[in-house]
Structures are given as C-alpha cells and as structure tokens.
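Colleague: predicted model, plus sequence, below.
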Amino acid sequence: MTKEPHGAILNVSEIQHFSTGDGPGIRTTVFLKGCNLHCPWCHNPETLSPVPVKLVYPGTEREVLYGRKKTVEDIAAEVLEDIEFYGESGGLTLSGGEPMLQSAGALELIKYVGRHGVDTVIDTAACVPWELFVPLLGSVRLFLVDYKSDDPVFYKETVGGDRDLVLENIRRLISSGEQVRVRVPLIPGVNYTENDVPEACERLKGAGVKTVDILPFHRLGSSKYTAMGKEYMFKDTLPPDRETLSRFQKLFGRFFECSIE
C-alpha cells in the first residue's frame, strides 16, 4: 500500500472487524474513546472516559486494555486490510464513545480511506455543537443518530445531554442533504413508554426524519461493568419481549419506515 501523509492522532478504544450491526454490509468499526454523555445503560462503558481503561474479568486470567493513541495512517492500514470483504455496501464505521468529539481526526481518516474507495458511516448521539459536523458534510455515507429519549428532563438529568440540540443537528444534517437513520435505544418504561412515542415521532418528523431503527435493550455489556469494578444498574432488567417490540414497531411505523435492529 502506498504511504500517504498523515497528521492526526485518534484516541481509539478498539477496532472491530467484520461487524454487521454498525451500518450496511460488512464493516470495520473503529470505536473512539471519550463521550460527553453518561447513559446508564451504555453497553460500551470502556469508551466513556478518554483515558485508557483496563478491564479485569473475575475468575479468569483475562485483562484487556482499552485506549490507545493511533495515527490515521495506522488505523487506515488496519481498515484497508478488510477491503476485499466490503463489497458494494460495506466499509468503515466510526463509533464510540462519541466520534464527533474527534471530528477533525475523523475527517482525515474518512478522506484517507475514501481515496481507496471505502465509505464511512458515523454512529453518533449528535449531542455536540453543529460546528463539529460542518467539515464532514458531503464526506460521510450515512449518519446513524441515537435519539436517547423524547423527554428533555430525562435527557438532561439521566443522559447528560440536550434533546433539542440533538433534534436541531438531525434537522441540519438532513437539510444539508446528508443521509440520516435515527436509532431509538429501547429500554421500555425507562427512556420510552408507548405514550411517549407519538410526540417523539412528531418531533422527529418535523426534523425531516424518514427512517427509525429500534435498538432493543440487552445486557451483553454487563460483564464489562464487573470487569471495571462498577455496578451495572440494569443487571436485573430484562430485554423487551417480542410482543413489546412489535407494539413499538407499529407505533413508530405509523410515521416512519421502522425496523428492529
């Protein structure tokens, strides 16, 4: 591979190969460190802090360190190792944490892999200043935007963010011609109830949203909390059953094309 100039350093938690849940096709997902929110159900708690985090799994010899500073060139080299598997739909996904907090380095990486025919999806909570999005406009295939809750008080006090800022960024992205899929993490009775959905849909529709994906709650990240010496407050919470998911899909489906991830 031809060496190309690089300048940016990105704070990377890990790089996951052959991912099928972070955008269309087979993707290489680069999880970036650092997040400005603190969702209590987060299944990637090791990405929240910008500093390295060591996870020690009880009863095993396994220790995993998350957090390394890597050059754009080194990350791109690892992404491009998978290029033969991407086909027409796969590529790079930047996730986190909150990848938009490292938007300058992200743009450099996006342009680097783009010169090799690889597109980029950004998985974001979009709770950042609009100015961080502006340089990326026209360079990203798809923005996957989490809409954590429609309740502004819950959004502020529990998630640590600003619902109206998220809605405004969604509106601006769509108005700028960007492709946006809104993703709703669903912890029934916690961040959404069935009564919340119509008003949430009206707000999202007003922002120009056409597609909503429901992300059912799961407890796959609970072992990470134990390995970090933290208590997972959702350890006894059950994932939504099929009937509940069907009801929510029908509610959102009255307004949007809606799928369950």
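Modeller: Alright, I've got the coordinates. Numbers count the residues shown, from 1 in each chain.
Colleague: what about the strands in this structure?
Modeller: All strands of the chain, identified by DSSP state E, fall at 9-19, 27-32, 53-56, 63-66, 68-71, 91-95, 120-124, 142-146, 180-186, 211-216, 257-260.
Colleague: just give the nearest non-adjacent residue to Val209, would you?
Modeller: Leaving aside its chain neighbours, Val209 sits nearest to Val182 (5.1 Å; criterion: C-beta to C-beta, 6 or more residues apart in numbering). Any C-beta I mention is one placed from the backbone N, CA and C, and that applies to glycine too.
Colleague: roughly how far apart are the one you found and Gly25?
Modeller: To Gly25, Val182 is 20 Å away according to C-beta to C-beta, to the nearest Å.
Colleague: between these two, which one's more packed in?
Modeller: Remark: of Val182 and Gly25, Val182 carries more neighbours, 24 against 16, as counted by other C-beta atoms under 10 Å.
Colleague: separation between that one and Val79?
Modeller: Going from Val182 to Val79 by C-beta to C-beta gives 26 Å.
Colleague: again, but for Ser13
Modeller: 15 Å.
Colleague: quick revisit: can you redo the strands of the chain as CSV with mean pLDDT and distance to Cys39?
Modeller: Listed next are the strands of the chain as CSV, based on pLDDT from 0 to 100; distance: least, C-beta to C-beta, whole Å:
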stretch, mean pLDDT, distance to Cys39
strand 9-19, 97, 16
strand 27-32, 98, 15
strand 53-56, 96, 17
strand 63-66, 95, 17
strand 68-71, 97, 24
strand 91-95, 98, 14
strand 120-124, 98, 13
strand 142-146, 98, 9
strand 180-186, 97, 8
strand 211-216, 97, 12
strand 257-260, 96, 20
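Colleague: okay if I get those as JSON lines plus distance to Pro135?
Modeller: Shown next, in JSON lines, are those (distance: least, C-beta to C-beta, whole Å):
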{"stretch": "strand 9-19", "distance to Pro135": "15"}
{"stretch": "strand 27-32", "distance to Pro135": "16"}
{"stretch": "strand 53-56", "distance to Pro135": "29"}
{"stretch": "strand 63-66", "distance to Pro135": "27"}
{"stretch": "strand 68-71", "distance to Pro135": "19"}
{"stretch": "strand 91-95", "distance to Pro135": "14"}
{"stretch": "strand 120-124", "distance to Pro135": "12"}
{"stretch": "strand 142-146", "distance to Pro135": "14"}
{"stretch": "strand 180-186", "distance to Pro135": "17"}
{"stretch": "strand 211-216", "distance to Pro135": "25"}
{"stretch": "strand 257-260", "distance to Pro135": "29"}
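Colleague: out of the ones you listed, which is closest to Phe234?
Modeller: Closest approach to Phe234 among the strands of the chain is made by strand 180-186 (11.5 Å; C-beta to C-beta).
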